[in-house]
Every structure is written in structure tokens, then in C-alpha cells.
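Colleague: the following block contains a protein sequence and its predicted model.
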Amino acid sequence: MPIYQTTSYVFRDTEHAASLFNMERAGHVYSRISNPTVAVLEERIAALEGGVGAIATASGQAALHLAIATLMGSGEHIVASAALYGGSHNLLGYTLKRFGIETTFVVPRDLQAWKKAIRPNTKLLFGETLGNPGLDVLDIPSVAAIAHEAKVPLLVDATFTTPCLLKPFAHGADLLYHSATKFLGGHGVAIAGVLVDSGRFDWEASGKFATLTAPYEGFHGMDFEEESGTRAFLLRARREGLRDFGACMAPMTAFQILQGVETLHLRMPRHVESTRTLVQYLKSNSAVQKVIYPGLPDHPDHELAKKLLPLGCGAVLSFEIKGGRAAGKKFIESLRIFSHLANVGDAKSLVIHPATTTHYRMSDEDLKRAGITAGTVRLSIGLEDPQDLVDDLDRALKASQK
Amino acid sequence: MFAYTAGHAFDKAKPTMVFVHGAGLDHSSFLLQSRYFGYHGWNVLAFDLPGHGHSPGAPISSVAGMAEEVCKAVPAEKFSIVGHSMGSLVALECAARVPSRIERIALIGAAYPMKVGEAFLDAAKRDHYDAFDMHTIWGHAAQVPLGGDPTPGMWMYGDTQARLERLAPGVLYNDLKACNDYVFEGEIACPTLFILGERDVMTPPRSAKAIQEKISGAKTVRVKFSGHSLMTEAPDATLDALVDFFRT
């Protein structure tokens, strides 16, 4: 795949230029809006997810922001799972509030709570396929049904599962995004996001989405839904969201993520297999109080995981170490193979202490609702020899208890 | 019946171009081409036939009925028609029925007779997803699933399936049966253009031969790498052919 390392594209003539700007011809104008290398990634992810198309963004956070900004503005409301990546929680709980968008957080497995939280101005339901770091499994079919009854779409963050393990659109989700930085890229070399539309949500029939069904002065009075039907959401997201907010993906990043996607089907089974091995090891270790992984029968979402994730529950797990914060600190500092950093979904195994890093801005109450304690340690299992990983954990756990 | 107008009010002083979509689809199949003409001096009426896109109601069960509905809905005395697949049959029927009103017709992905395979008809009759798969796979050239949508970021297969999934039960079967049953009787006197995809497996170029021979002076543009969905697979080549035909 060539890397189109360019900002812009020579027009054939003035007529061609005008036609491209007015959306009478397909093609590229400026790499903030679209780029041939980036478009290959977008199309491939859309194909893997079974969507109508996709928009690659500068990061997963940019993808989430693009989805929200395309659907709503000040005075509107989101219902979201409380078990979110800390960055998403910040955006919804603090930053968007400043722009007039309110969010109500609910325990993801409490279906009544989702229903009760919906208001007349609710525009979106949002959760992660696997919550962070409690690995709560989102009951996509049930939450999608609640969303559709309220005539709003369900957006899911599918980062932890990838299309290898779960296809959210097949279960009723309407929109999804990935932090492509994680498993899609797979090697921890590029920050990236991608937003995908299933094209199944009927914006016109909903009657709640003026951004898609009313004339938009910012694009010659275009009514995006009337103009393009199934493509309305992505059309507005690209023509307004990328144009005005500008959080586009760089072509080199797209190339790096494309390299990762080519081996996704080989990497994910290995990630899952090694994770299962380590889960069993941790379960048997006396220094471990609790292992949190939906593949385990004692996980509250185990039955749901069997239904939605028959190919595996991903490669992220959490556990609680005996001895609380001090033992956790000693454990992390004693690891040799696991890298201590704020990421998941790398070929290399990673470790982090959520309460002091990814989720440090959350209140104690919010932490509790997200299933995090002072002793929670999160692991992302890489592609190394699983026995080497067991040995590393074994050594560090022993050190933590001294 | 809903018609997309490219955001312009009808103007009696302008020539009128009508777009009629294929089986199970809607006006947005012509997204780029209809928008172009709407911004280049034409009244554009890209219809959603009843039961499709924004038009409510039961679908019309025959091509003749569709033609009647289209002719009734056009406010201009004279107009041209661009029809895709099933829409090309509607264009033929309009031109044969009311030759005094039809100035030119452009037939995209056309064939006559437009016989539909038994398996396809049967799956559509049962509203089985196989029918959507057949529509999607045969509706595009073989290279399409490998990528290369000319519209950045879009996935043609996914888009077609999403459109088909929005249909009410029975609509696709209705359309396919209408194509299958259609008998053309009459003559075409107006200038006619065929735009055919060389990689079309739904209506291969050879399946248009019988009707091409009946229309004297008909022009043909064959698009090299396109399948049946010429407006999305080869939007520029399709638009260029239309611009050339309607300019002369």
C-alpha cells in the first residue's frame, strides 16, 4: 500500500475542482478530509466490521468526540456505562459538560438503569464491549433494544474485542469506534482511532437528529440524510467534523495500522490463548485475592460472555493483589518482561495500576462503580512465550509479599 | 412520491432530468451524478419509488405501473430519464408510452429481457438474507470486495446491504419479479445511451444486445473495470458519459 505522504491533490481543471468541493465527484481534496492511504484503512475496517464506511481519526478519543459532535450539541444528553476507559470518562463527565452536553453514568449490567436514565433530550447510549478495567461485558443486544425503543443509536467502543472476537453491529449496535492504537495496530507504535457506521440506524424515522435530517447552512443547506441515506452520519462527520475539528489521521499512521490489521487474525487468537494461561496461573497463586476476567465462571458477566464472546474475552485482565497499594507497587516494580505503561493491546505484555494512572481523576465512588480498588492491577497480555510471562508474574508476586 | 432535487426548486425554464433507481435501492444510488446535474442547469428529480427510501406505501408491482407513476409525478411537459437496472426498464417503458414527453434516455446497467435467476427470486420471496447477499455480490464487480471505493472511507458491500436491510419485507421480491416479468412492446424514437460495465455479472453487456438492436442510433459506453453498480463503482466514468450524452 503506497503511503500518500501529501497534503493535497492536483485538480484536473477548474470544473473538476468545483465538482470535488461540491460533492459531485468522488475523490480527495485535502488530507484533513481524506487521503488515499487513510481511505484504505477506513474501507478495510468498515469491511471487517460490516459497516457502510469508516472515518480514521487522530486517536480513539478523537473518534469518540467526532461521533458525539456529529450527533448532538449543547443541551443534549448521553447515557453511558460507568465502566469506561478513564479518558472517555473525563470527556463525558467533565469536558463535554463545559460544552453543554450532560452524561448520566450507569452500571452497565443494570438494564433498568439504562432505561431510567433516558431523558427526552437523550441522543446516545454508549458503552465499551469490554469495560475497563473490570471487564464488564456490555449486553449489546439488550442495550441496543433499549436505545432503539428510545429512538437513539447505541455507540460502542470495541477496542478490547476487535472484529476478530466480536462484531457489535451483528448484535444491534449502530456505531462503533476503536482506539486503533491498541490491538488493531498491535505494536504500540502509533496513536490512532477509527469510527465506523453500520448504516442501519434510521435518522429520519427517529426524528431526533436535526444535524443529519435538517438543512445545514455550513454545506449549502445540505440535508445529509436526504442526500445520502445510509451514508448520512459519515458524510456529516467527514464534511463537518474532520473539516472543522480537524482530528484526522496521518497517512504514515494509517500505513502502520494497516500493517497491524494484516496480522490481526493471527495475533488475537494468540493473545487470547496466552491470557487464558495466565488467568489460570493467577487463579492458583496465593498472593492473588481475585482475578477479573469474563472467561472465569465467577465473573458476573460470564454467561453473557459465553454468548457474545465465544472466541475469547480478549487479552486484558485485572486482578487484586493481597497487600493493597504497597504490594501492588512492589509487584509492578519487580516485573522484568511486562512493561509498566499506560496502554493495552501491544505485542508486548503491559501492566498498570489504574487507581493511580488511567483512572486517577475518578472519585472513590466512581472508582467503586467501575470495579476498581487500590489493589487492582491491570494486565494486557502480549505475544511473548506464555511461560516467560508466568515466570515473570511468579517472581514479582513473590517479591510483592515479602 | 419523494424526489431528491439537489436542493433546488423546480424551474420551468430549465430542462428536467429524472433518475429512477434499481431494485431494492433508492435515489441516493445516483448521489454524485444527480447532484452534478442539479448544480449544472437542470431540474433534477431523483425519485424514490413507492416503498423505497423516503417514499411510503406499497411497492408498485409492474414496470408499466412504475412508469405511469413516474410520468404522473414529473411536473415538466418534457423530460429525460436516467435509469439504473430496473430503472432502465422504467425509462424504456416511459419512452415507449409517452414518446412526446421523453427527450432522451440513459440506461445504466441495462438488460432486456431482465430475467432474474430462480434462486435469487426464491430467496427474495422468502425475505431471506441470501437475497441481499446475491444482490450485493452480483451487483458489483469481482474486485470490489478487495477495496477501492472511489468515495473515501466507504465500503460498497456494506452500504448495499444496509440499504437492503432497510426495506420492508417483500419489496425486493416485488422489484425482482417486476423486472423478470417485464415485456417491452413498442418503439424507442428518442436518443438513447447505454452505459454498461464490462465486469457486470448481474446484467453483463451481452444481455443488453437484444434491446440495443431495437433502438436505432443508440450509443453505448462500456466502462472497463465496473460491475453493475456503475454510479458508485465508476462514478466519474458514469458522470462523464452522461455529461457527454446530455450535452450533445
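Modeller: Good, I have the coordinates. Keep in mind the model is a prediction, meaning the values are calculated, not measured.
Colleague: quick check: residues of chain B near chain A?
Modeller: B:4, B:7, B:26, B:28, B:31-33, B:35-36, B:39, B:53-54, B:145, B:147-155, B:157-159, B:161-163, B:165-166, B:235-236, B:239 (C-beta under 8 Å from any C-beta of the partner chain). The C-beta positions use only the backbone N, C-alpha and C, and glycine is treated the same way.
Colleague: selecting buried members of those residues in PyMOL, what would you type?
Modeller: For the buried members of the residues of chain B next to chain A, the matching PyMOL selection, counting by 16 or more other C-beta atoms under 10 Å in any protein chain shown, is:
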select buried, chain B and resi 4+7+26+28+31+32+33+35+36+39+53+54+147+149+150+151+152+153+154+155+157+158+159+161+162+163+166+235+236+239
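Colleague: ok, and the closest non-adjacent residue to residue 27?
Modeller: No chain was given, so I picked chain A. If the residues on either side of it in the chain are set aside, residue A:27 comes closest to residue A:20, at 5.3 Å by C-beta to C-beta, 6 or more residues apart in numbering or on different chains.
Colleague: switch to chain B, that's the one I care about
Modeller: residue B:46 (3.8 Å).
Colleague: where does that neighbour sit, in terms of helix or strand?
Modeller: In this structure, residue B:46 is located in strand B:43-47 according to DSSP states H and E.
Colleague: just checking, what packs against that strand?
Modeller: Based on contacts counted as 3 or more C-beta pairs under 8 Å, 6 or more residues apart in numbering or on different chains; DSSP states H and E, the elements that strand B:43-47 packs against are strand B:3-4, strand B:16-20, helix B:31-38, helix B:63-73.
Colleague: now do the last one: everything it contacts.
Modeller: Spelled out, that is helix B:63-73. By C-beta atoms under 8 Å, 6 or more residues apart in numbering or on different chains, the list of residues contacting helix B:63-73 from outside reads B:1, B:3, B:18, B:20, B:45, B:47, B:49-50, B:60, B:81, B:86, B:89-90, B:93-94, B:97-98, B:101, B:178-179, B:181-182.
Colleague: please pick the buried ones from those.
Modeller: Among the contacts of helix B:63-73, the ones that count as buried by 16+ other C-beta under 10 Å are B:1, B:3, B:18, B:20, B:45, B:47, B:49-50, B:60, B:81, B:86, B:89-90, B:93-94, B:101, B:178-179, B:182.
Colleague: just the residues you listed: which are in strands?
Modeller: B:3, B:18, B:20, B:45, B:47, B:81 (DSSP state E).
Colleague: give me the distance between the third one and residue A:141.
Modeller: It stands for residue B:20. Computed with C-beta to C-beta, to the nearest Å, the distance linking residue B:20 and residue A:141 is 38 Å.
Colleague: got it, and residue A:71?
Modeller: Computed with C-beta to C-beta, the distance linking residue A:71 and residue A:141 is 22 Å.
Colleague: what about the two, which has more around it?
Modeller: Neighbour comparison, residue A:71 and residue A:141: the larger count goes to residue A:71, with 24 against 15 (by other C-beta atoms under 10 Å in any protein chain shown).
Colleague: re the thing from before, so what touches the strand holding residue B:46?
Modeller: Strand B:43-47 is touched from outside by B:1-6, B:8, B:10-11, B:14-21, B:27, B:30, B:34-35, B:37-38, B:55, B:70, B:73-74, B:76, B:79, with contacts defined as C-beta under 8 Å, 6+ apart.
Colleague: can you pull out the strands in chain A?
Modeller: Remark: strands assigned in chain A by DSSP E are A:53-57, A:77-81, A:102-106, A:122-128, A:154-157, A:175-179, A:193-197, A:288-292, A:316-321, A:339-340, A:350-352, A:376-380.
Colleague: quick check: mean pLDDT across the fourth one?
Modeller: Same thing as strand A:122-128. For strand A:122-128, the mean pLDDT works out to 98.
Colleague: residues in contact with it?
Modeller: Among residues not part of strand A:122-128, those counted as contacts by C-beta under 8 Å, 6+ apart are A:67-68, A:71-72, A:76-81, A:83-85, A:88, A:92, A:108, A:114, A:118, A:136, A:138, A:143, A:146-147, A:150, A:152-160, A:208-209.
Colleague: all strands of chain B, in order?
Modeller: Taking DSSP E, the strands of chain B run over residues B:3-4, B:16-20, B:43-47, B:79-84, B:102-108, B:192-197, B:219-223.
Colleague: distance from the fourth one to the middle of the chain?
Modeller: This means strand B:79-84. Relative to the chain's own centre, strand B:79-84 is displaced by 8 Å; criterion: C-alpha atoms, centre = their mean, to the nearest Å.
Colleague: which residue ranges of the stretch 201-350 of chain A form helices?
Modeller: Listed in chain order, the helices of the stretch 201-350 of chain A (DSSP state H, counting those that start in this stretch) span residues A:203-206, A:210-213, A:224-228, A:232-236, A:251-261, A:264-283, A:302-308, A:324-334.
Colleague: who does the most centrally placed residue in chain B form a beta bridge with?
Modeller: The residue lying closest to the centre of chain B (C-alpha atoms, centre = their mean) is residue B:84, at 1.7 Å. When bridges are assigned using DSSP bridges, the partners listed for residue B:84 are residue B:108.
Colleague: so it makes contact with residue B:20?
Modeller: Yes - with the criterion set as C-beta atoms under 8 Å, residue B:84 and residue B:20 qualify as a contacting pair; they are 7.3 Å apart.
Colleague: can you pull the domain assignment for chain A?
Modeller: Chain A is divided into the following domains under automatic domain parsing: A:14-260, A:265-400.
Colleague: pick the most deeply packed of those domains.
Modeller: Neighbour counts averaged per stretch over the domains of chain A are highest for domain A:14-260, at a mean of 22; criterion: mean count of other C-beta atoms under 10 Å in any protein chain shown.
Colleague: closest to residue B:202 out of the strands of chain A?
Modeller: When the strands of chain A are ranked by distance to residue B:202, counting by C-beta to C-beta, first place goes to strand A:53-57 at 22.5 Å.
Colleague: so where is the chain shaky, pLDDT-wise?
Modeller: Defaulting to chain A. Within chain A, the stretches falling below the threshold (pLDDT under 70) are A:370.
Colleague: wait, chain B was what I had in mind.
Modeller: In the predicted model of chain B, residues B:248 satisfy pLDDT under 70.
Colleague: now the helices for it?
Modeller: Using DSSP state H, the helices of chain B run over B:31-38, B:63-73, B:86-97, B:118-125, B:129-138, B:156-165, B:171-181, B:209-214, B:230-233, B:235-247.
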